[in-house]
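Student: Give me a model of this one.
(chains A, B, C and D)
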Number of protein chains: 2
Amino acid sequence: MVTIDDVSRKAGVSPATVSRVISNRGYVSAKARIKVFNAIEELGFVPNAMARGLKTQRSGSVALLVPEIINSFYTTLARGAEDVANANGLHLIIGNTDEKPEKEKVYVELMVASRVEGVIVASAGRSAKPLRLLVEREVPTVLVDRVVDGFNADIVRGDSYNGAIVLTNHLIELGHTEIALINGHPETSAAVDREAGYREALRRAGIKVDERRLSSGTWFIEDAEARVDRLLRQKVPVTAIFGANNFMAIGALRALRRNGLRVPEDVALVSFDDVEVAAEIDPFLTVMAQPAYSIGTLGMGLLLERITRKYLGPPREVVLTPRLTVRRSCGAFLKTQLPEEKVASAKAQSAGESNPRKSEQ
Amino acid sequence: MVTIDDVSRKAGVSPATVSRVISNRGYVSAKARIKVFNAIEELGFVPNAMARGLKTQRSGSVALLVPEIINSFYTTLARGAEDVANANGLHLIIGNTDEKPEKEKVYVELMVASRVEGVIVASAGRSAKPLRLLVEREVPTVLVDRVVDGFNADIVRGDSYNGAIVLTNHLIELGHTEIALINGHPETSAAVDREAGYREALRRAGIKVDERRLSSGTWFIEDAEARVDRLLRQKVPVTAIFGANNFMAIGALRALRRNGLRVPEDVALVSFDDVEVAAEIDPFLTVMAQPAYSIGTLGMGLLLERITRKYLGPPREVVLTPRLTVRRSCGAFLKTQLPEEKVASAKAQSAGESNPRKSEQ
DNA sequence: CTGTTAGCGCGTTCAC
DNA sequence: GTGAACGCGCTAACAG
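Tutor: Now for the predicted structure:
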C-alpha cells in the first residue's frame, strides 16, 4: 500500500508537504508542488480516506435510508439528495431498509460507526427507537416522506392528508360512494395521514365509512394484492379503490384482474405516488404525484445547513403539495361516469356532478 | 466522541480488553465481558469504523458502480448484489455514474480512497481508462452487464448477441423486414453486441441492412426519442423498431406517439430489458428480459470468492440467457400479423410463416 | 515556504 | 485471562 511517506521520499520533500498538496491548503512552492504531483502520478497514490477521516474527524459522507430501493419514488428522491450532496463535496451512502425497523437500526449503527456527517431518513416505521443512536450521538438528521413519533427533526414530506382528501374527493365527484382504502403499514405516518384524509373526504360528502373497506398491513405489493383479493371474495361492495401508494395500487390491480374485474369499467383505481416509467408506456393510473426529486434536494439542503452552516435552530417542516394527475384508471374518461355494477349491492345512485376539468391542480 | 478508552475506564478494564469484547476475539472472562457491555450500553459507544479500518486494513465494504440508478434493471441488479454482500458481512456502497466515464473515474478514486475490498462495475463506457486505478491497486473487480476493452476481469452478463438475434428474428417471423435498431451508446459492449445480433438475424433471413434504420447515441430516453423522431420525419420506411434497452424503447414510444403512430398497429416495438412495474400495470412491451437480480447475486458471488476465499485464478465469464417475453407491442397478438402500411414504401410483402408459439424460450 | 512532532481510535503483539 | 506499548496513514501545530 503506497502511503504519503512513499510519496514524500520519492518527491524529496516531507510528508507534511505532500499532505499540503493533496489537501490543497497552506503554502507550497510551485516546484515542490510539481515534484509531489509527479511522485503521486508515478506511484499511483490515492490518500487513505480512513486515515484522513480519523485525523480530521470528518468522513466526508452523508447517508440516506430508504425503505424500498425498488420503488421509483425513493430512487428519484435519492437522486435528488445525491445531486445536492455531490455538489457540496459530500458523498452519499444509500441504505435500503426493506421496510424493516430492525434493518433500519443496523444501518443506523453502521452509519454512526462510519461517522457520516448527517443522515436523511425515510423511516420504516414511526417509532424513534431505531433512530435513538442518532439522537444520542447528535448526528444531524432530516426526515423525509414519513414522520417519526417523538423524533424532533427537520422534515420534508408531501401533504398526505390534504392529498388524500383531494384524491378521495375526485372519486366521489365521479359518483363513487363505495370506496375502499388499501393502506400500507399502519405504523407509518403516510398511512395514518392518508387514512385521515380519506375519512375526512367521506365525512364532508356525508358518506358513512364502512370499516370493511379499510385495510392495512405492509407496504409490499403482495400484501395489498392478498387484501384486495380477500375484500373481493368477501363480497364487500366496492366500486373504487384508493391505493395508499403506487405499490398498493399495483397489488390491487393484480387482484382485480385475477378476479376478472376491469379497471376502470368495473372498479375505479387511484393511488398516491406516480410510477414514471409505467406512465410513459401507458398513462393509466390516476395518481397524486409527489415531487420525489424535490423532496430529496430539499431534504439534503436542510441537512447541509445543519452540517456545513452549523445551523442549530428549531426543526423545520417543509410540506409539498402533491399533484392530482388524472388518467384512465379512475374512469374519468369513461362514457358512463359510474362503473357498471359488477359488485353486489351497488346502489345505482345517480352520478352526481362530475368534473372532468379537474385534470391537473 | 466516546472512545474505547472511555469505555475501558468506565468498565475498569484496559482498552485491549474492550477491543477483545467488541471484536469478539481472544479470551475475556465472563465478568469482564459483562462490565464492558454495560459500559458500552451506558455510554452509547459505537466503534469508529475509520480507526478500525485503518488498523485492520479492511474497510468491510464493497462498491457497485451503475450507469443509471433510475433504470430498474440496475436497481434490481443492485438488490441482488446487496443481498449477497450483506449475507457475508460486507456493506455495499452504490455509486451512480450517470453514463459518464468522468463520473465513473471520480467514483473509482473515491472507492480506492475508501479502500473498498472489491468493486462491481457496470461501466459507462467500454474503455478501461476510468478503471485503471483498480488494476494498479489490484482491487478485486467484477464486471457486470457490459464488457470493457482490455480489462481482464470476471464478468457476468446477459447474452446480448444471441438475445438480439432471437428478438430480431421474432420480428422477422411476424413479417417485418423494415426493422429499425435504436441503439444506445456505441461505446458500450451491450450496444455493439446487440447490433451484431441484429445484423446477423437480418443476414440469415436474407434481408439487406439499410444503414438509415440504424442509430446510436446515448442510453438516455430523450436521445432515443429525438432519433426516432428524426427517422420518422425523414420518411425512412420502418414497420418495426428494436430498442436496444428499455429506455430506448420508451424514447421510441414517445416519438411514435407524438407522430400519431400506434404501437403495434402502425409500428411494432420490442426491446431488451424488462420494466417490471410497468409490465404489472400493463403487459405491453415485448422484451428480452434479462435476469437482473441474478446478475447481481452472481457478480457479488464471484467477487467474494476473490476477496474472502482469495481466489486468484483466471477471469471467469458467466453469460446468462435472456428470456423472450412476448406481449402486445410486437403485434404478435394482432389479427393481421403485418402492420398496416402507414409508413411510405412498405413493400406489401407477404407475412411469411409466423410463429406465435414462440412466446417464451 | 518547509520539516518535525504528536496523536486521531483502534487492534495486535508480547509480556505478565 | 489481561494490560502496556506500538503503529496503521494522515493532518495540524509549531518551529525554523
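Student: C-alpha from now on. contacts and neighbour counts both.
Tutor: OK.
Student: hang on, isn't A:Val66 packed against A:Pro101?
Tutor: No - checked against C-alpha atoms under 8 Å, the pair A:Val66 and A:Pro101 is beyond contact range at 11.2 Å.
Student: Helices of the stretch 1-150 of chain A, residue ranges please.
Tutor: Assigned by DSSP state H, counting those that start in this stretch, the stretch 1-150 of chain A shows helices spanning A:4-11, A:15-23, A:30-43, A:49-56, A:72-87, A:101-113, A:132-136.
Student: In a markdown table: the ones you listed, plus mean neighbour count and distance to chain B.
Tutor: Shown next, in a markdown table, are the helices of the stretch 1-150 of chain A (neighbours: other C-alpha atoms under 10 Å in any protein chain shown; distance: least, C-alpha to the nearest C-alpha, whole Å):
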| stretch | mean neighbour count | distance to chain B |
| --- | --- | --- |
| helix A:4-11 | 19 | 13 |
| helix A:15-23 | 17 | 12 |
| helix A:30-43 | 16 | 9 |
| helix A:49-56 | 18 | 5 |
| helix A:72-87 | 21 | 6 |
| helix A:101-113 | 20 | 5 |
| helix A:132-136 | 16 | 7 |
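Student: Distance to B:Ala16 for these - can I get that in TSV?
Tutor: Listed next are the helices of the stretch 1-150 of chain A as TSV, based on distance: least, C-alpha to C-alpha, whole Å:
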stretch	distance to B:Ala16
helix A:4-11	28
helix A:15-23	30
helix A:30-43	36
helix A:49-56	19
helix A:72-87	38
helix A:101-113	19
helix A:132-136	24
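Student: what's the closest of those to B:Leu320?
Tutor: helix A:72-87 (25.9 Å; C-alpha to C-alpha).
Student: elements contacting that closest one?
Tutor: strand A:61-66, strand A:91-96, helix A:292-307 (3 or more C-alpha pairs under 8 Å, 6 or more residues apart in numbering or on different chains; DSSP states H and E).
Student: picking that back up, got any residues that touch both of A:Val66 and A:Pro101?
Tutor: Listed as contacting both A:Val66 and A:Pro101 by C-alpha atoms under 8 Å, 6 or more residues apart in numbering or on different chains are A:Ser123, A:Ala124.
Student: helix/strand/coil for whatever residue of chain A ends up closest to chain B?
Tutor: Going by C-alpha to the nearest C-alpha, chain B is nearest to A:Ala278 of chain A, at 4.0 Å. Secondary structure, DSSP: H, G, I helix; E, B strand; the rest coil: A:Ala278 is helix.
Student: Apart from its chain neighbours, what residue comes closest to A:Asn169?
Tutor: A:Ala201 (6.0 Å; C-alpha to C-alpha, 6 or more residues apart in numbering or on different chains).
Student: Surely that neighbour forms part of a strand?
Tutor: No - secondary structure of A:Ala201 (three-state DSSP): helix, not part of a strand.
Student: neighbours around it, how many?
Tutor: If you count neighbours by other C-alpha atoms under 10 Å in any protein chain shown, A:Ala201 ends up with 22.
Student: swap in A:Val147?
Tutor: 24.
Student: correct me, but it touches A:Thr188?
Tutor: Yes - using C-alpha under 8 Å, A:Val147 is in contact with A:Thr188, at 7.4 Å.
Student: which neighbours do the two share?
Tutor: Common neighbours of A:Val147 and A:Thr188 (C-alpha under 8 Å, 6+ apart) are A:Ser123, A:Arg126.
Student: Please report the number of neighbouring residues for the residue of chain A closest to chain B.
Tutor: By other C-alpha under 10 Å, neighbour count at A:Ala278 equals 20.
Student: ok, back up a step: can you tell which of the helices of the stretch 1-150 of chain A is closest to B:Glu178?
Tutor: helix A:72-87 (35.1 Å).
Student: Can you tell me how far the residue of the stretch 201-350 of chain A found nearest DNA strand C is from B:Val139?
Tutor: The minimum distance from the stretch 201-350 of chain A to DNA strand C, using C-alpha to the nearest atom of the strand, falls at A:Ile307 (18.4 Å). Here A:Ile307 is placed at a distance of 32 Å from B:Val139 (C-alpha to C-alpha, to the nearest Å).
Student: Which residue, other than its chain neighbours, is closest to the residue of chain A closest to chain B?
Tutor: B:Ala278 (4.0 Å).
Student: how close does that neighbour sit to A:Arg194?
Tutor: 24 Å.
Student: mind checking pLDDT for the residue nearest to A:Asn169?
Tutor: Looking at A:Ala201, its pLDDT stands at 98.
Student: do the one 5 residues further on as well
Tutor: Note for A:Gly206: predicted pLDDT of 97.
Student: can you check the one 10 residues further on too?
Tutor: Note for A:Ser216: predicted pLDDT of 97.
Student: and if you look at A:Val277?
Tutor: The model's pLDDT for A:Val277 equals 89.
Student: If you tally nearby residues, what's the number for it?
Tutor: With other C-alpha under 10 Å as criterion, A:Val277 counts 20.
Student: ditto for A:Asn24
Tutor: There are 10 residues near A:Asn24, going by other C-alpha under 10 Å.
Student: Give me the contacts around stretch A:283-292.
Tutor: A:73-74, A:76-77, A:80, A:158, A:163, A:167, A:269-274, A:279, A:320-330, B:281.
Student: measure it end to end?
Tutor: OK, stretch A:283-292 end separation, C-alpha to C-alpha: 19 Å.
Student: How about stretch A:183-194?
Tutor: End-to-end distance (C-alpha to C-alpha), stretch A:183-194: 8 Å.
Student: ditto for stretch A:306-324
Tutor: 33 Å.
Student: wait, what's in contact with the residue sitting nearest the centre point of chain A?
Tutor: With distances taken as C-alpha atoms, centre = their mean, the residue of chain A nearest its centroid is A:Tyr74 (4.2 Å). Shown in contact with A:Tyr74 (C-alpha under 8 Å, 6+ apart): A:Val66, A:Glu68, A:Ala292.
Student: Ok, A:Lys103 next?
Tutor: So A:Lys103 contacts A:Thr97 (C-alpha under 8 Å, 6+ apart).
Student: What does the pLDDT read for A:Gly118?
Tutor: 98.
Student: backbone phi and psi for it, please?
Tutor: Main-chain dihedrals, A:Gly118, degrees, to the nearest 10: phi -180, psi 160.
Student: tally of neighbours for it?
Tutor: 25.
Student: now the one 3 residues further on
Tutor: Counted by other C-alpha under 10 Å, the residues lying close to A:Val121 total 25.
Student: Over to A:Pro291?
Tutor: A:Pro291, neighbours per other C-alpha under 10 Å, totals 19.
Student: pLDDT at it, what is it?
Tutor: The model's pLDDT for A:Pro291 equals 97.
Student: want to throw the helices and strands packed on helix A:72-87 into CSV with mean neighbour count and distance to B:Met111?
Tutor: Shown next, in CSV, are the helices and strands packed on helix A:72-87 (neighbours: other C-alpha atoms under 10 Å in any protein chain shown; distance: least, C-alpha to C-alpha, whole Å):
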stretch, mean neighbour count, distance to B:Met111
strand A:61-66, 26, 12
strand A:91-96, 22, 11
helix A:292-307, 22, 22
